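Trainee: Would you be able to build a 3D model of this:
(chains A and B)
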Amino acid sequence: MLTERHGEKMSNSSHSLTTDVLVIGTGIAGLFAAMRAKEMGADVLVVEQGESGFSGLSVGGTHRLRPVLPEDDFDEIMKAEVRENEYLVDQDFQESALRETWDRIQDLVSFGADFRRGDDGQIKMYYNDTLYPEYKQKNICWEPMGSYKHLLKVKTETIRRGVKILDKVLAVELLKSKGKIQGAAAFNLINGDFYLLKAKAVIIATGGFCGGGSVYQSLTGDGIAMALQAGAELRNMEFGKAETCGMPIRGAGPRWISRLLNPQEQEITVTNSKGEEFLEKYELGRRMEGRKPYGPPFRVELAAMFQEIKEGNGPCYIDFRAPDKESRMREFWGSYNDRLVTEVRLTGVSLDKIKYELGLVFGHCQAGGIKISPNGESSIAGLYAGGVATDLCGVMQYTVLSGMMGSMITGRRAGESAARYTNDQSEVMIDEEQLESVKREMFAPIEHKQGISADEIRLKAQKAWLNIDLRTQARLEKAMEEFQELRKEASDIVAQDYHELAKCHKIKNYLYCSEAVAAAALGRQETRLEHIRLDYPLTDNKEWLKWVIVHLEQDKIKSYLENLPMERWKYKPEPTVENRLRLKEGTSL
Amino acid sequence: MIESINELVCLNCGLCEKLCANDVIRKSNGKMQIVYPNDCSNCMDCLFECPVDAITINFAMPKKFCAKTRWERIKEALVEESMIGN
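Mentor: A predicted model of the protein is given here:
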């Protein structure tokens, strides 16, 4: 069927494996899910598209965690964190999860991962600003920072507990019978072997989705798209993380700008082309009260910058000089600083240069994803999810439960729920007809003699992303049409080998997730955090307490709004909550 | 993107292959080889973790991964939007 390439054995044989719980992904969420399910007595199999222990965002995420300590004023933190989450978080989840953070850190320490400690031997605390001046989050730093070795320790513990892991296996489709998930179909990236993975429950822990193509290229939202196609609902897909770009840094360098500024050092200025510190002109919320200059994480600032450029006041610039820059960086980043400074220099940036153009794009959807209950259940039977492939129950970026912290907690809960569910399930039923068609579809790009390549689709998709970057009703509707068209075009996608075959499936997932972001962005008619609607440039402080839910209906992405059950939740928005992004009195563009 | 792996010093330990999120490097016939250079995203993990500094990166970006292009497009379109009164 194929020509020999790169010494690969093109055997293309089939394997059928049966387990209670199948976990897809070996980042921190997947490993915590697998360990917990095993602990609960289930037989657990994990598949990983790359190399377990080295793969996923968790490796690059080992910088800091934001814990809540047992002795902290829990009610105060709960109140502040609900507000940081724009009141769009599931408060049942947040309440129980905040109480769990310290236990998960203790787990990590017991697996051999460690954190920076003070002279007294205790884990050292750092503090960072939030959207509100009266609330600072605690931070602890991994030691060493940014090392892949931490995740490897979690993997070692997972294997020690008897979990089986298959590397280089990409799950392509979830198998469903009589409304229940019954496993997944996958293939090996090296030799193309087909894998039928029969499971009573499946846990998706495949990480987030990065649209537009600027930062984390491998995050094509595979698990999110698989769940969507299997009938699961997605939530909060309109929210994400603003990523820096536009600076004259080559390669992946742009992401490092945020790391040039440690959380304790906010001494930067942001100006427009007229040299004005333009953030001063806008009502940006209480974050800005009595505090200047401003700094990352860039959240509300992104919308103000868009306005400035639109009015002809662009481009905008960032000045991130600070006294004793390098020694202050070292204080926070520790031994990781050497790599950081070298990396920044290699990518062409001088720490002494006065200012760089500031570009921000909607980057990584770490906020939205598969809608899960506080226990990690998706909206379909037998499907569970953890980590940033999920919506983390409404948790936004830069909060205590975002990123790795939320991933450990939701992963572990998904593991527990899935294991419980399998106790009541009998034999796995595989629909033979579905299986045959899944297998045919999976390898179809290899069989195609000619057609469009995954890279060509990707380029087109990135161009279509402009209509998501600049969100208006008309542009978003156009984006949805374009992604639907690209999905049709991708039916002729062609692959020369199994590496390309993986890219073919990943780009299809990327298209589904992109369309889901457009659909969700259409549903939220306001500007809030990184979701910027040019046709609704202000926050809507009356009607915003709704979740946009996205789902697939006969291969068409649909959305609806779900009211948050605020009546039964304790923490409610203050009636005077400010309307951000309005121009201050006496200022003009 | 990744340019070369210096065969003279490479230990063929496989760490770069494991760390690569884009499946760019593979061990073939016992040797580390750059198989899919166009999928390199310049994350520099291989460069910094290589125990013998065998890896060279040239920072050229394949067009599909170019962040600058995306930002330029956004800026241009924002100005256009204001000119046509949107």
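
Trainee: Look up how far chain B lies from the residue nearest the centre of chain A.
Mentor: In chain A, the centroid-proximal residue (C-alpha atoms, centre = their mean) is residue A:366; its distance is 2.4 Å. Separation of residue A:366 from chain B (C-beta to the nearest C-beta, to the nearest Å): 16 Å. All C-beta spots, glycine's among them, are computed from the backbone N, C-alpha and C.

Trainee: could you measure residue A:395 against residue A:85, distance?
Mentor: 6 Å (C-beta to C-beta, to the nearest Å).

Trainee: Neighbour count: the two, which is higher?
Mentor: A direct count of neighbours by other C-beta atoms under 10 Å in any protein chain shown for residue A:395 and residue A:85 places residue A:395 higher, at 31 against 26.

Trainee: residue contacts, that one?
Mentor: Residue A:395 is in contact with A:85, A:89, A:93, A:94, A:367, A:401, A:402, A:406, counting by C-beta atoms under 8 Å, 6 or more residues apart in numbering or on different chains.

Trainee: which one is residue B:17 nearest to, not counting chain neighbours?
Mentor: Spatial nearest neighbour of residue B:17, chain neighbours left out: residue B:25 (4.8 Å); criterion: C-beta to C-beta, 6 or more residues apart in numbering or on different chains.

Trainee: can you count the residues close to residue B:72?
Mentor: 14.

Trainee: Between residue A:395 and residue A:85, which contacts overlap?
Mentor: residue A:94.

Trainee: can you map out the helices along chain B?
Mentor: Here chain B has its helices, by DSSP state H, at B:15-19, B:45-49, B:67-83.

Trainee: most tightly surrounded among those?
Mentor: Ranked by mean neighbour count under mean count of other C-beta atoms under 10 Å in any protein chain shown, these are led by helix B:15-19, which reaches a mean of 21.

Trainee: list the helices and strands that helix packs on?
Mentor: strand B:25-28, helix B:45-49 (3 or more C-beta pairs under 8 Å, 6 or more residues apart in numbering or on different chains; DSSP states H and E).

Trainee: contact partners of that helix?
Mentor: Contacts for helix B:15-19 (C-beta under 8 Å, 6+ apart): A:50-51, A:53-54, A:59, A:148, B:5, B:25-27, B:32, B:45-46, B:49-51, B:55.

Trainee: Looking at chain B, which residue is nearest chain A?
Mentor: Distances between chain B and chain A by C-beta to the nearest C-beta are smallest at residue B:42, namely 2.8 Å.

Trainee: close enough to count as contact, that residue and residue B:59?
Mentor: Yes. In this structure, residue B:42 is within contact of residue B:59 by C-beta atoms under 8 Å, at 5.8 Å.

Trainee: These two: who's more crowded?
Mentor: Taking neighbours as other C-beta under 10 Å, residue B:42 and residue B:59 compare with residue B:42 leading, 24 against 17.

Trainee: Which pLDDT value goes with the more buried one?
Mentor: Among the per-residue scores, residue B:42 shows a pLDDT of 79.

Trainee: measure it to residue A:465 for me?
Mentor: 20 Å.

Trainee: Over to residue A:13?
Mentor: 39 Å.

Trainee: Check residue B:49 too.
Mentor: Distance from residue B:49 to residue A:465, by C-beta to C-beta: 31 Å.

Trainee: re the thing from before, are any of the contacts of helix B:15-19 buried, and which?
Mentor: By neighbour count, with 16 or more other C-beta atoms under 10 Å in any protein chain shown, those hold A:50-51, A:53-54, A:59, A:148, B:5, B:25-27, B:32, B:45-46, B:49-50, B:55 as buried.

Trainee: which one among the residues you listed gets closest to residue A:484?
Mentor: Closest approach between the buried ones among the contacts of helix B:15-19 and residue A:484, by C-beta to C-beta: residue A:50, at 30.0 Å.

Trainee: sec struct for the closest one, please.
Mentor: Taken by DSSP: H, G, I helix; E, B strand; the rest coil, the conformation at residue A:50 corresponds to coil.

Trainee: Nearest approach to residue A:306 belongs to which of the helices and strands packed on helix B:15-19?
Mentor: helix B:45-49 (32.5 Å).

Trainee: So, low pLDDT: which residues of chain A?
Mentor: Applying pLDDT under 70 to chain A flags the ranges A:1-11, A:131, A:213-216, A:244-268, A:285-299, A:320-325, A:347, A:349-354, A:576-579.

Trainee: tell me, how many neighbours does residue A:273 end up with?
Mentor: So residue A:273, with other C-beta under 10 Å, has 15 neighbours.

Trainee: scratch that, residue A:189 is what I was asking about
Mentor: With other C-beta under 10 Å as criterion, residue A:189 counts 21.

Trainee: was I right about it contacting residue A:498?
Mentor: Yes. Taking contacts as C-beta under 8 Å, residue A:189 lies within contact range of residue A:498: 5.4 Å.

Trainee: which of the buried ones among the contacts of helix B:15-19 lies closest to residue A:195?
Mentor: When the buried ones among the contacts of helix B:15-19 are compared for distance to residue A:195 (C-beta to C-beta), residue A:50 wins out at 15.7 Å.
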